[in-house]
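> I would like the atomic coordinates for the input below:
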Amino acid sequence: MNKLDSPVDSRALQAVARRRAAESARHTRIFSTRERVLGVDVGALARQVAERRQREEAERQRDRAHDVLRVSVDRVALEHHREEERRRRELAQELAGYRAQHQRAEDSRDADINYKRQRAPEDSLSTARSRGPASMQVFQGEGVGEDEQKRAEMELNERTLRAQREERERQENEQKHKELLRGKELLQQDLRAVQLDALEEECRRALCIALKSYNQAQADERQERERQEKLRREGEEMAEVWHMVTSDLLTECPEAAERESEGSAVTRRVLPDRWKGMSPEQLSAIYRQREEQRAEKEKQRQLERQKEMAWSLQQLEQARQQVEEEGRTRELEKERRVQLDKYNQQLAQEQRIHQQYLNNQLYTNQPSARYFTQFGTSSR
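Just a heads-up that it's a prediction; the model follows:
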């Protein structure tokens, strides 16, 4: 494809300006203490997502426009190339015709030398008669077998010209075949690009349909789940209302208490409107159970007092051991502190000597404040 000079695209300038504005905003956002400390800027992230989508859409549109332009330019270049080849062939044919008509070899001045003519023209012979023997051009004995030699040379020239013509035609046919193959290849590439675009669009459409179906299925499932939950809740509420309406509390049925106590192992329920007090057996059972509980409680108090005494003795023993351990630890800590102080003094002395060496002998060129202010000025 021929290279064509294209004007400066305004969209490129807009893209450069947009990148510069984004870099400026990024610089401001990074060096803003409030945004850096508080956290993520949701608005900036949303704007970045929108800008990225717009940029991708613009790039896709630009690519499609470039593809269309490239196809049209390829077609124009192919037409120009074919037109140029046709004009070149026409010029070659006209040149060959002109040479065959007006520039024949037998009409040249040195034709008698190249083709070894034995017969001079009439004007040359008349001139030779007038000039004498010194101007003779043809002698006796020359030109033996000249006609056969001339015929052989003409046949050789014809064969050479025919071979050259055939070679040129073969080259032209090969060139035409190559151009045809190149055109077919470009056409196949264009068709392949169109098919790929159509396939991509079909895949995108299928993906959208599948996503829509999935979302619809999720929505239907959620609606069904909410409906089932609503039915279950309404059923429970209705069952509770029915239980309250038909319960013994609201119907005031005394036989219900007796029926319930007969079928269970718990104490019989008391009917307040018909109760006349406890029986002696019930009172004795209550007194006996109270005595058992009191004895059990006293036993628990004795066990707790014994545990408290044992725990107090154990705490005293642990306190004594802890005091002794603390004394030993203080002695060891005192000794370790003395050794650490000596070691720190030694390290301080060595560091002081090393720092004097660095300041006085090694680092003689101290950096200025301008050296430290050059960092942290860019967002990259």
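> Quick one: list the elements packing against the helix or strand that contains E202.
Taking DSSP states H and E as the criterion, E202 maps to helix 146-246. Other helices and strands packing on helix 146-246, by 3 or more CB pairs under 8 Å, 6 or more residues apart in numbering; DSSP states H and E, are helix 42-102. Just so you know, the C-beta spots here come from the backbone N, C-alpha and C atoms, and that holds for glycine as well.
> try 10 Å
With contacts taken as 3 or more CB pairs under 10 Å, 6 or more residues apart in numbering; DSSP states H and E, helix 146-246 sits against helix 42-102, helix 248-251.
> Tell me the gap between the first one and the middle of its chain.
On the basis of CA atoms, centre = their mean, to the nearest Å, the separation between the geometric centre of helix 42-102 and that of its chain is 30 Å.
> Ok, stretch 168-187 next?
Chain-centre distance of stretch 168-187: 41 Å, with CA atoms, centre = their mean.
> neighbouring contacts of that stretch?
Counting contacts by CB atoms under 10 Å, 6 or more residues apart in numbering, the residues outside stretch 168-187 that touch it are 1, 70-71, 74-75, 77-78, 81-82, 85, 88-89, 92, 96.
> closest to T377 among those?
For T377, the closest of the contacts of stretch 168-187 turns out to be R70, at 43.6 Å, with distances computed as CB to CB.
> I'd like to know how many residues surround the closest one.
By the criterion of other CB atoms under 10 Å, R70 has 15 neighbours.
> which element is K299 on?
K299 belongs to helix 280-357 when assigned by DSSP H and E.
> average pLDDT for that helix?
The predicted model gives helix 280-357 an average pLDDT of 92.
> Could I get the pLDDT score of E153?
At E153 the predicted local distance difference test score is 82.
> which one of the helices and strands packed on helix 146-246 lies closest to L347?
Among those, helix 42-102 comes nearest to L347, with 50.4 Å by CB to CB.
> could you say what helices and strands the closest one packs with?
Counting contacts by 3+ CB pairs under 10 Å, 6+ apart, helix 42-102 packs against helix 10-30, helix 146-246.
> about what we covered before: could you dump the contacts of stretch 168-187 to JSON lines with pLDDT?
As requested, the contacts of stretch 168-187 are arranged in JSON lines below (pLDDT from 0 to 100):
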{"residue": "M1", "pLDDT": "44"}
{"residue": "R70", "pLDDT": "89"}
{"residue": "V71", "pLDDT": "90"}
{"residue": "D74", "pLDDT": "90"}
{"residue": "R75", "pLDDT": "90"}
{"residue": "A77", "pLDDT": "90"}
{"residue": "L78", "pLDDT": "91"}
{"residue": "H81", "pLDDT": "90"}
{"residue": "R82", "pLDDT": "91"}
{"residue": "E85", "pLDDT": "92"}
{"residue": "R88", "pLDDT": "91"}
{"residue": "R89", "pLDDT": "91"}
{"residue": "A92", "pLDDT": "89"}
{"residue": "A96", "pLDDT": "86"}
